[in-house]
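Visitor: Next comes the sequence, and after it the predicted model I'd like to discuss.
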Amino acid sequence: MIENDSSNTALISFGIYLLGVFILAWLSSRVRQKKEFVGEYFLGSRNLGLWAFALTFAATSASGGSFMGFPSLIYTHGWVLALWIASYMVVPIVGMGLLGKRMNRLARQSNAITIPDLIKARFNSDTVGMISTLLVLFFMFFYLLAQFKAGSKIMTTLLQDVVVYQTAITFVSHAIDGLPWVGGAEPDYVLCLLVFSVSVIIYTAFGGFRAVVWTDVMQGIVMGLGVVILLILTLSQVGGLKNATEQLKEMTPPVSGTGIISLNKEQPEDITLPKGSWLRLPNNGVARLAEMVIIKKESTQSEAKLLKITTPAEIKKIDPTKFNFEIITTFKANEINGYGNGRKGVYVSAPGPHPENKDGFLNIWVAVSFFFFWAFGTAGQPSNMVRLMAFNGTNVLRKAILSISIYFTVIYLLLVIIFCCGRILLPGMEIDSDRIMPELAATVTSNAGVPWLAGLLLAAPFAAVMSSVDSFLLMVSSSVVRDIYQNRINQNASENRLKKLSYLVTVVVGILAMLAVLNPPEYLQDLIVFATSGLAGCFLMPILLGLYWPDMNARGAIFGMLGGLGCHLSLYIIGYLTYGKFSAYQLFEFNPFIWSILISGLLSYFTSMASVKSEI
Amino acid sequence: MANPTESEENSLRQSRRELRFIILSWIGCCIWVISYCGLYGYNLEPKDISTVFGFPDWAFWGIALPWIAANAVTFWFCLRVLKNEDDEENME
């Protein structure tokens, strides 16, 4: 019942939210009519005020992962996620302060509109500009693919119980059956991808940078409000944070395994046990079904994946699901070599439980890596850098850093509190931990007698993923229109031609990305990490040195960017050969980003120094 | 008014001061968080964990408090360290 209420609310909230987005895109296109096209379309005429700049930076940084993946990790591993995300305490000052003022100054002086534009102007070299364009296109396209898929997955998760949506899936299923490329995809995924992609492509292509920024502002407000309301409702329902932490101390991680579900007699028809059903085990144990089970009418038993709850206080609270027939369930735990099994206190201490890793979720060296990665990785993202080129004066930067420091504290610290408490309200969510955000929103609003409020809370993940996708889409199209066409092919292109080309490229890039993920390749989540760390590894050090060190030159920038790229790709190739999957090799347990930054910085510095000496 | 070269030099000098402040802030926070959590947050038994304002004690002293301190440092940076450019209004 709760699921249906929340999913219908999700559909309504998604509709209202989309309407708001389109209105903002229309308004921004009206503003654009009075201004020079390329500068306005790709950089909002460089006059972002405080709230626009602050919230577009925050919303672009917080992707879908912040509201789906991160809550899922908090739920599964507990308080250690506060340490994992702790570097966000310095993300505003590092991410915006490190490059902001110098970059904005150089962009205004050189009239640069894109990051390759800026790099080309600083080093006075077409080659550096071209290499940076190719790197942006290469990594950004991967990022775009991953975010399109993430957006669609979030929609499928949130809308899965809506009746209209189920009918539409049936229709799509018939429509794509037998088609090449698309035919193998899940129909619900295809439907959500189409709705999500078409919405984002239309408002981004139609509205340009200003629409992206204005929708980011709306999305940032939705995210902030959603988190605060969820915190108040959750804390009031667990009896306060102290009470929740005391309960978490006594919890032990559930155990995955397989079981045999037996009926005492054959039934006249097939029996379906839904995923998520609670089953009683011998000796008063309790387990949750991790998959849907069908027992055929001529059979009396079936094997199933189960999750056994191990905390006595939780077992007492759970009422097994009632069926119209009797069943007996046995359970056999999987062989596990992880950390935390049967151990109390793991949810309120580091390294946090992990079902497979014997060192737990976060050993101290990985924690150091993340403290470096979040702060400097944010600074090194071209999608964030381009926003630093658009603010209007140091006063705006100053107030934006202040606002964002409070915003990130609210969002990230509160999310940890909320979803640690979520473990107490909703046991056994490990079977589908990505659904913890919508489930918790539905549960706490329903318990509080305000189910309609779930709509606002459920709009937050939509907002998070959309605000990232639109920025990346515009980055890719600006690279094609400005860096390739206007700077290299036709420098005298008329405003009208650039306008048509910008619309066309934004739409075409969006459609290509959508087509590429219609049948999504494996490892897309890993591609996000690959693209993020790759971009920062290639760009951060050459740009940082270029802004603060006058002797840094084009040769240093080329070696720095290619050195960062080479190190990044090498670690991925070694990782693939070592682990047999698409994953980076963690040299001395450090994130590959740290090595790329190091190599890129050293090459930038020494090559520039060598060039300076040879000129002398 | 400063000439363009002089104003660029002033801007660079001031920006480098700000850069040093930012890097030192990051190092300070990193040392506080990692050393405190590394020493007091790992492999604890329930009896070893007390709470401060509902937070596990290691998370309060090792993460929440430095987070507040980092916000204070950020405020200080914005109000005292980050300076406007001399030629800001003439840059475009």
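Guide: Okay, I see it.

Visitor: ok, which stretches of chain B are strands?
Guide: Under the criterion DSSP state E, chain B carries strands at the ranges B:51-52, B:55-56.

Visitor: between these, which one is nearest to A:Leu263?
Guide: Closest to A:Leu263 of these, according to CB to CB: strand B:55-56, at 45.3 Å. C-beta coordinates here come from the backbone N, C-alpha and C atoms, glycine included.

Visitor: Show residues contacting that closest one.
Guide: With CB atoms under 8 Å, 6 or more residues apart in numbering or on different chains as the test, strand B:55-56 has contacts from A:79, A:241, A:245, A:348-349, B:41, B:49-50, B:64.

Visitor: what's the most buried one of the strands of chain B?
Guide: strand B:55-56 (a mean of 28; mean count of other CB atoms under 10 Å in any protein chain shown).

Visitor: for that strand, the distance to its chain's centre please.
Guide: The chain centre lies 23 Å from the centre of strand B:55-56; the measure is CA atoms, centre = their mean, to the nearest Å.

Visitor: Spell out which residues sit in contact with the spatially most central residue of chain B, please.
Guide: In chain B, the centroid-proximal residue (CA atoms, centre = their mean) is B:Ser25; its distance is 3.8 Å. Counting by CB under 8 Å, 6+ apart, B:Ser25 makes contact with A:90, A:93-94, B:70, B:73-74, B:77.

Visitor: that older thread, from the contacts of strand B:55-56, which would you call buried?
Guide: Buried by 16 or more other CB atoms under 10 Å in any protein chain shown: A:79, A:241, A:245, A:348-349, B:41, B:49, B:64, out of the contacts of strand B:55-56.

Visitor: Turn the residues you listed into CSV, including pLDDT and distance to A:Ser383.
Guide: Listed next are the buried ones among the contacts of strand B:55-56 as CSV, based on pLDDT from 0 to 100; distance: CB to CB, whole Å:
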residue, pLDDT, distance to A:Ser383
A:Trp79, 97, 31
A:Leu241, 97, 35
A:Thr245, 97, 37
A:Val348, 97, 36
A:Ser349, 97, 36
B:Gly41, 97, 33
B:Ile49, 94, 40
B:Ala64, 97, 30
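
Visitor: Just flag the most distant two among the residues you listed.
Guide: Among the buried ones among the contacts of strand B:55-56, A:Leu241 and B:Gly41 lie farthest apart (CB to CB), at 17.4 Å.

Visitor: circling back: is it possible to get a markdown table of the strands of chain B that adds mean pLDDT?
Guide: A markdown table is the format used below for the strands of chain B (pLDDT from 0 to 100):
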| stretch | mean pLDDT |
| --- | --- |
| strand B:51-52 | 96 |
| strand B:55-56 | 97 |
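
Visitor: nearest to A:Met292, of the buried ones among the contacts of strand B:55-56?
Guide: Taking CB to CB as the measure, A:Met292 lies nearest A:Trp79 of the buried ones among the contacts of strand B:55-56, at 32.8 Å.

Visitor: Now for the closest residue to that closest one other than its chain neighbours: which residues touch it?
Guide: Excluding the flanking residues, the one nearest A:Trp79 by CB to CB, 6 or more residues apart in numbering or on different chains is A:Val348, at 5.0 Å. Listed by CB under 8 Å, 6+ apart, the contact partners of A:Val348 are A:78-79, A:245, A:248-249, B:44, B:46, B:49, B:56.

Visitor: Great, nothing more from me.
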